[in-house]
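Trainee: quick check, what structure comes out for this input:
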Amino acid sequence: MSDIDWLYDHLKTRRSKGEKDIPFLHTLLEGAHIEMPENETIKRNPDLEARCVKLRAQQEAREYRKMTKSVDNVRMRFPEDSISYQLKQLNRQLIAIGQFIISIFAGFLFGFRGVEWMVGNLDFGFRLLLGVMCALVIALAEIYFLAKKLNEELNIPETVQLGGPLKFADQQNFTSNNTKSALEKQHQD
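Mentor: I've put the predicted structure just below:
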């Protein structure tokens, strides 16, 4: 490209000096074959490639489950896309937030008023400090248990499945226990 730029500038300067019969660049390049330099190809990192394959497989599995959700009886029992399920989740989250706020407020009241009722008259600053300390301890405990609960709810199996119905690691134990209980229930009449 630098050679073509040089040639263009050279022809332009000769034309500006008043020389006649100077051809234009496009007439010189007619019928010419210009080979541009190729970009250097960088080999992909194998870890990145493995991760991309895993993500593609997970996406395909999600699409397959979504596509076959209305056909499979197991997935019809767990309709995560329904409005009632989403409202129940919203209700659970609002209850958790309300419980968090009420617990902190009750802890503050215990530290501010409750200790005074048990011990006797205390300074306002000391009562305020006790209330804040109790509320802080309760807030830390509530955050711990809330995070633990959310972690249990969001626990998703790590296995990659390429298609078909959802499989779990302990599916063999699950099916053998269910078949035993089903056989026992048949003869209860």
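Trainee: every contact and neighbour count from this point should use C-alpha atoms.
Mentor: Noted.
Trainee: read off the pLDDT value for the nearest residue to residue 128 once chain neighbours are set aside.
Mentor: With CA to CA, 6 or more residues apart in numbering as the criterion, residue 128 has its nearest non-adjacent residue at 5.7 Å, and that residue is residue 112. Reported pLDDT at residue 112 in the predicted model: 89.
Trainee: and residue 64, by the same measure?
Mentor: If you check residue 64, the pLDDT there is 87.
Trainee: what helix or strand does it sit in?
Mentor: In this assignment (DSSP states H and E), residue 64 forms part of helix 46-67.
Trainee: convert that helix to PDB, retaining C-alpha atoms only.
Mentor: Extracted C-alpha coordinates of helix 46-67, given in PDB (Å, rounded to 0.1, in the frame of the first residue of the first chain):
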ATOM      1  CA  PRO A  46      -7.100 -24.600  24.000                       C
ATOM      2  CA  ASP A  47      -8.700 -23.600  27.400                       C
ATOM      3  CA  LEU A  48     -10.700 -20.900  25.600                       C
ATOM      4  CA  GLU A  49     -11.800 -23.400  22.900                       C
ATOM      5  CA  ALA A  50     -12.800 -26.000  25.600                       C
ATOM      6  CA  ARG A  51     -14.800 -23.300  27.400                       C
ATOM      7  CA  CYS A  52     -16.500 -22.300  24.200                       C
ATOM      8  CA  VAL A  53     -17.500 -25.900  23.400                       C
ATOM      9  CA  LYS A  54     -18.900 -26.300  27.000                       C
ATOM     10  CA  LEU A  55     -20.900 -23.100  26.700                       C
ATOM     11  CA  ARG A  56     -22.300 -24.100  23.200                       C
ATOM     12  CA  ALA A  57     -23.300 -27.500  24.700                       C
ATOM     13  CA  GLN A  58     -25.000 -25.800  27.600                       C
ATOM     14  CA  GLN A  59     -26.900 -23.400  25.300                       C
ATOM     15  CA  GLU A  60     -28.000 -26.300  23.100                       C
ATOM     16  CA  ALA A  61     -29.200 -28.200  26.100                       C
ATOM     17  CA  ARG A  62     -31.200 -25.200  27.300                       C
ATOM     18  CA  GLU A  63     -32.700 -24.800  23.900                       C
ATOM     19  CA  TYR A  64     -33.600 -28.500  23.700                       C
ATOM     20  CA  ARG A  65     -35.200 -28.500  27.200                       C
ATOM     21  CA  LYS A  66     -37.200 -25.400  26.300                       C
ATOM     22  CA  MET A  67     -38.300 -26.900  23.000                       C
END
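Trainee: show me what it is packed against.
Mentor: Where contact means 3 or more CA pairs under 8 Å, 6 or more residues apart in numbering; DSSP states H and E, helix 46-67 is not packed against any helix or strand.
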